[in-house]
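*Asks:* Compute the structure for the input listed below.
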Amino acid sequence: LTALEAPFCRLAGDHKAAGAINIVVPEKYPLVNFAAEELLVFLQEGGNQVQPSPAVNPDALCIVLGDCEMARAAGVSLEGVPRDGYRIVKKGNLVFISGQDSKGPADFVKGDSGHLDMLEVQDYATLFGVYEFLERFAGVRFYFPGKMGTIVPQKTLALPESIDLLDYPAMDIRTVGEPG
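*Replies:* The predicted model follows:
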């Protein structure tokens, strides 16, 4: 099945509290590092025990970010996934959040304000997947940019036994106003 033929979301099993959470970024490039920072900050703000980890820890829930060899070896394929589309897949204690991303230099990701420079980055699918994960499983709500527009509940992350989610924008190119 290609990504477009697959069902959009399958969740199975009871929700179980995550306990310690490790964020693993096997292939470090600026956009996925930014996604890892966002995931870490919001999960910690929600009261979860979260830390970056250089490798998978079999005793903890590990969230693996980006389109990497580890995800592909676990069967998380991005074949046929459109631009800015992502997959969130849970297998055992591993959660993969994968999408095709720009791999440009760090200054393409964070502007002078320290926020994501959306005009300079072309593909940020893993970041979209991280925000979907935070909304769906951690209860975070993003109403508008900044602290005032972001609601982070005190909530222990609880995940179902199995997750297989695919999502992508309905429109390939999205802009507001004149490009350029």
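
*Asks:* Please count neighbours and contacts with C-alpha atoms only from this point.
*Replies:* Will do.

*Asks:* quick one: contacts for the closest residue to residue 100 other than its chain neighbours?
*Replies:* Distances taken as Cα to Cα, 6 or more residues apart in numbering place residue 125 nearest to residue 100, at 5.7 Å, with adjacent residues excluded. Applying Cα atoms under 8 Å, 6 or more residues apart in numbering to residue 125 gives the contacts 83, 84, 85, 86, 98, 99, 100, 101.

*Asks:* For the fifth one, which non-adjacent residue is spatially closest?
*Replies:* By that I understand residue 98. residue 66 (4.5 Å).

*Asks:* Same check on residue 126?
*Replies:* Spatial nearest neighbour of residue 126, excluding adjacent residues (Cα to Cα, 6+ apart): residue 99 at 4.5 Å.

*Asks:* rewinding a little: distance of the residue nearest to residue 98 relative to residue 172?
*Replies:* Note on residue 66: its distance to residue 172, by Cα to Cα, to the nearest Å, is 20 Å.

*Asks:* do residue 45 as well
*Replies:* Distance from residue 45 to residue 172, by Cα to Cα: 33 Å.

*Asks:* now residue 160
*Replies:* Residue 160 is 31 Å from residue 172, by Cα to Cα.

*Asks:* ok, back up a step: neighbour count for residue 45 and residue 172, which is higher?
*Replies:* residue 45 (15 against 10; other Cα atoms under 10 Å).

*Asks:* Nearest to residue 41 among the contacts of residue 125?
*Replies:* Taking Cα to Cα as the measure, residue 41 lies nearest residue 98 of the contacts of residue 125, at 19.1 Å.

*Asks:* Read off the pLDDT value for that closest one.
*Replies:* At residue 98, the model reports a pLDDT of 97.

*Asks:* Residue 69 is in contact with that one, correct?
*Replies:* No: contact between residue 98 and residue 69 fails when scored by Cα atoms under 8 Å: they sit 10.8 Å apart.

*Asks:* When those two are compared, which one has more neighbours?
*Replies:* Taking other Cα under 10 Å, residue 98 and residue 69 do not tie; residue 98 has more neighbours (29 against 12).
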